[in-house]
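Colleague: got a predicted structure plus its sequence, pasted below:
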Amino acid sequence: MSDRYQLWGGCFEEEPSAVLRRLNDSLPIDSRLYREDIRGSKAWATELHLIGHLSTQDNEAIQRGLDEVEKQIEREISSKGRLYDSEEDIHSVVERRLKEHAGEAALRLHTARSRNDQSATETKLWMLTSFERVKNQIIRLISVMLKRAEQEIDIIFPGYTHLQRAQPIRWSHYLMSYVWAFRDDVIRLEEQGNRLSSCPLGSGAIAGCALPIDRRRLANSLGFQNVTPNSMLAVGSRDHIVEFLNWASLCGTHLSRLAEDLIIYSSQEFGFIQHSDQFSTGSSLMPQKRNPDGLELIRGAAGHLHGDTFAFNCILKGLPSTYNKDLQSDKEILFRSYDRLLDCLKVVVGTVATMKIDADKARGLLSAGMLATDLAHALVRRGVPFRRAHHIVGAVLRRAAELRCDLQQLPHHEYLAICSEFGTEEELRKIFSWESSVEQYTSEGGTSRNSVLRQIRELKQWLQNYNASICDNK
């Protein structure tokens, strides 16, 4: 019998073919889970010891050996960038190396455990830790945007619908529209964390564990809040990964839409935003170019995030119950989406923090036609039904076009000829003020100064409470 240590193969006479190994081996991907694999293995050994299936001597040898294996792997990845072991996955690598340090005791570690529940547990552990890094980047982005919104509260620029000039709004009101979206992203991710925190370990390959382990004690030792309620569900479900991928694609959409706005606003046709050198690139041919490549890459990355979500759902939709090897691709897609999203968040944080806004250029894009709604509101305040007021202002716009002037330049008598309710010339001219326009939207969530400041205060309070809860949970 061969002394070669592996997790399976006792009834096989031949080795897997090289082409199958290329398709099957996952070590280049799941080596990322070495800390989680070791953490789960240490907890499993402790539980085996507590129920009397692992001696004190063997448990101590395994615990010490796993500590050494972790240091060893960490050094190799740090110096070489990857592992070069011949085993197919990180589980095999850890157990083989453990045998070098713990001897025969290592052969007892996998008692009543399957790679099915082992891998599912490690992935969840990794996700619980990694969620915090993603949330921290979104919190950084929220903080940066809140600071800008507060400092740039008095900048007024055109708001757009259908990419056409619509109404004047505060720049800070625009920024807050994304801050609220990112706040919701944080809340959604936290909601996932509660469902994610259920431990699969102890579910075995499909039927459960034949030893009298205490799964709740085991889960608590690993930091989980609960245990999975069914062993078949535990090893076969990847709903938590689907949920994360769906969330990542939505967060990516928010980033992409913000990126698109900032790309447009920095174009020469708009030109009231300039991106810093750190987050811009140039042209190999045209010396004058300043390209927002970082934002464009984020816009493209959102497509990849959507694609990964769809791809993984396609993998899952036709699988029979419990574990199938198709599920091995879960980590490849999960890690790829996670890395891509984290990089995108970092680029957006840097871009928003360092960009410059030209307040005068932004205000210069405003045009009198954008106050057409204000004219209608003025008529409504004098008792004219809105539908009639809307039609009247349409007639005013048509007359201004005939005279080749804008609404502000249109003579007062032309207004009165269309509708006497427009009032005196002084009353009419007061309507043509950007500050007056934005200040009339005092309702909650509006673009008046007080309304925007109220939004900022509310988000700052949420941020303060969030940070306090993080500190309390540490």
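Modeller: Sure, I can see it.
Colleague: next, residue 168: phi, psi?
Modeller: Main-chain torsions, residue 168, degrees, to the nearest 10: phi -70, psi 140.
Colleague: helices along the stretch 351-474 of the chain, start to end?
Modeller: Listed in chain order, the helices of the stretch 351-474 of the chain (DSSP state H, counting those that start in this stretch) span 359-364, 372-381, 386-402, 412-418, 425-430, 434-439, 449-473.
Colleague: and the second one, how far from the chain's centre?
Modeller: Per C-alpha atoms, centre = their mean, to the nearest Å, the displacement of helix 372-381 from the mean C-alpha position of its chain is 41 Å.
Colleague: mind listing what's buried along that helix?
Modeller: Neighbour-count burial for helix 372-381, counted by 16 or more other C-beta atoms under 10 Å, picks out 372, 373, 374, 375, 376, 377, 378, 379. Every C-beta, even on glycine, is put in place using the N, C-alpha and C of the backbone.
Colleague: want to throw the residues you listed into CSV with pLDDT?
Modeller: CSV is the format used below for the buried residues of helix 372-381 (pLDDT from 0 to 100):
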residue, pLDDT
372, 96
373, 96
374, 95
375, 96
376, 96
377, 94
378, 94
379, 96
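Colleague: now those in a markdown table, with distance to residue 65?
Modeller: Listed next are the buried residues of helix 372-381 as a markdown table, based on distance: C-beta to C-beta, whole Å:
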| residue | distance to residue 65 |
| --- | --- |
| 372 | 76 |
| 373 | 73 |
| 374 | 75 |
| 375 | 80 |
| 376 | 78 |
| 377 | 76 |
| 378 | 81 |
| 379 | 83 |
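Colleague: flag the shaky bits of this structure, pLDDT-wise.
Modeller: 1-14, 471-474 (pLDDT under 70).
Colleague: and it, what are its domains?
Modeller: Annotated domains of the chain cover 18-111, 116-365+454-473, 368-440 [automatic domain parsing].
Colleague: and residue 448, which of the ones you listed is closest to it?
Modeller: domain 368-440 (4.9 Å; C-beta to C-beta).
Colleague: do a quick rundown of the strands in this protein.
Modeller: Under the criterion DSSP state E, the chain contains strands at 156-161, 164-170, 198-199, 226-227, 273-274, 356-357.
Colleague: list the strands paired with the second one, with their directions.
Modeller: Spelled out, it's strand 164-170. Using DSSP bridges, the neighbouring strands of strand 164-170 in the sheet come out as strand 156-161 (antiparallel).
Colleague: buried sites along the partner strand?
Modeller: 156, 157, 158, 159.
Colleague: which one of the buried residues of helix 372-381 is nearest residue 145?
Modeller: residue 373 (27.1 Å).
Colleague: any idea how far residue 236 is from that closest one?
Modeller: Residue 373 sits 56 Å away from residue 236, going by C-beta to C-beta, to the nearest Å.
Colleague: could you do residue 65 as well?
Modeller: Per C-beta to C-beta, residue 65 is found 31 Å from residue 236.
Colleague: between those two, who's got more neighbours?
Modeller: Neighbours per residue (other C-beta atoms under 10 Å) separate residue 65 from residue 236, with residue 65 holding more: 25 against 22.
Colleague: my guess is the more buried one contacts residue 107, does it?
Modeller: No: counting by C-beta atoms under 8 Å, residue 65 does not reach residue 107; the two are 11.8 Å apart.
Colleague: returning to what we had before: in TSV, list the domains of the chain along with distance to residue 448.
Modeller: Formatted as TSV, the domains of the chain follow (distance: least, C-beta to C-beta, whole Å):
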stretch	distance to residue 448
domain 18-111	49
domain 116-365+454-473	8
domain 368-440	5
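Colleague: what's the closest of the ones you listed to residue 447?
Modeller: Nearest of the domains of the chain (C-beta to C-beta): domain 116-365+454-473, 4.1 Å.
Colleague: for residue 305, which of the helices of the stretch 351-474 of the chain is the nearest?
Modeller: From those, taking C-beta to C-beta, the stretch that ends up closest is helix 449-473, at 24.2 Å.
Colleague: please enumerate residues in contact with the closest one?
Modeller: The contact list for helix 449-473, computed with C-beta atoms under 8 Å, 6 or more residues apart in numbering, reads 139, 142-143, 146, 149-150, 153-154, 170, 172-173, 176, 179-180, 183, 186, 438-439, 441-446.
Colleague: ranges for the helices of the stretch 1-150 of the chain?
Modeller: Under DSSP H, counting those that start in this stretch, the stretch 1-150 of the chain gives helices at 18-24, 27-30, 34-50, 56-80, 90-102, 115-151.
Colleague: among these, which is nearest residue 422?
Modeller: That would be helix 115-151 among those, by C-beta to C-beta, at 35.6 Å.
Colleague: now do the closest one: which elements does it pack against?
Modeller: Judged by 3 or more C-beta pairs under 8 Å, 6 or more residues apart in numbering; DSSP states H and E, helix 115-151 is in contact with helix 34-50, helix 90-102, helix 171-196, strand 198-199, helix 231-236, helix 239-265, helix 329-354, helix 449-473.
Colleague: buried residues in stretch 53-66?
Modeller: 53, 54, 58, 59, 61, 62, 63, 65, 66.
Colleague: repeat that for stretch 428-437.
Modeller: Buried, per 16+ other C-beta under 10 Å, within stretch 428-437: 428, 431, 432, 434, 437.
Colleague: check stretch 295-309 too.
Modeller: Of the residues in stretch 295-309, those buried (16+ other C-beta under 10 Å) are 295, 298, 299, 301, 302, 304, 305, 306, 308, 309.
Colleague: ok, those vs residue 277, which is closest?
Modeller: residue 295 (14.4 Å).
Colleague: test my guess that the closest one contacts residue 259.
Modeller: Yes: between residue 295 and residue 259 there is a contact under C-beta under 8 Å: 3.9 Å.
Colleague: intersection of neighbour lists for those two?
Modeller: residue 348.
Colleague: got a list of what the nearest residue to residue 148 once chain neighbours are set aside touches?
Modeller: Of all residues beyond its chain neighbours, the one nearest residue 148 is residue 175 (5.9 Å), with distances taken as C-beta to C-beta, 6 or more residues apart in numbering. The contact partners of residue 175, by C-beta under 8 Å, 6+ apart, come to 145, 148, 149, 152.
Colleague: from residue 157, how far off is residue 175?
Modeller: From residue 175 over to residue 157 the distance is 11 Å, taken as C-beta to C-beta.
Colleague: what of residue 203?
Modeller: 56 Å.
Colleague: thinking residue 42 is in contact with residue 69, fair?
Modeller: No: using C-beta under 8 Å, residue 42 is not in contact with residue 69; the gap is 10.4 Å.
Colleague: of those two, who's got more company?
Modeller: The neighbour count for residue 42 versus residue 69, taken as other C-beta under 10 Å, is higher for residue 69 (25 against 20).
Colleague: surely the more buried one touches residue 95?
Modeller: No: taking contacts as C-beta under 8 Å, residue 69 lies outside contact range of residue 95: 9.1 Å.
Colleague: for those two, list the residues in contact with both.
Modeller: Common neighbours of residue 69 and residue 95 (C-beta under 8 Å, 6+ apart) do not exist.
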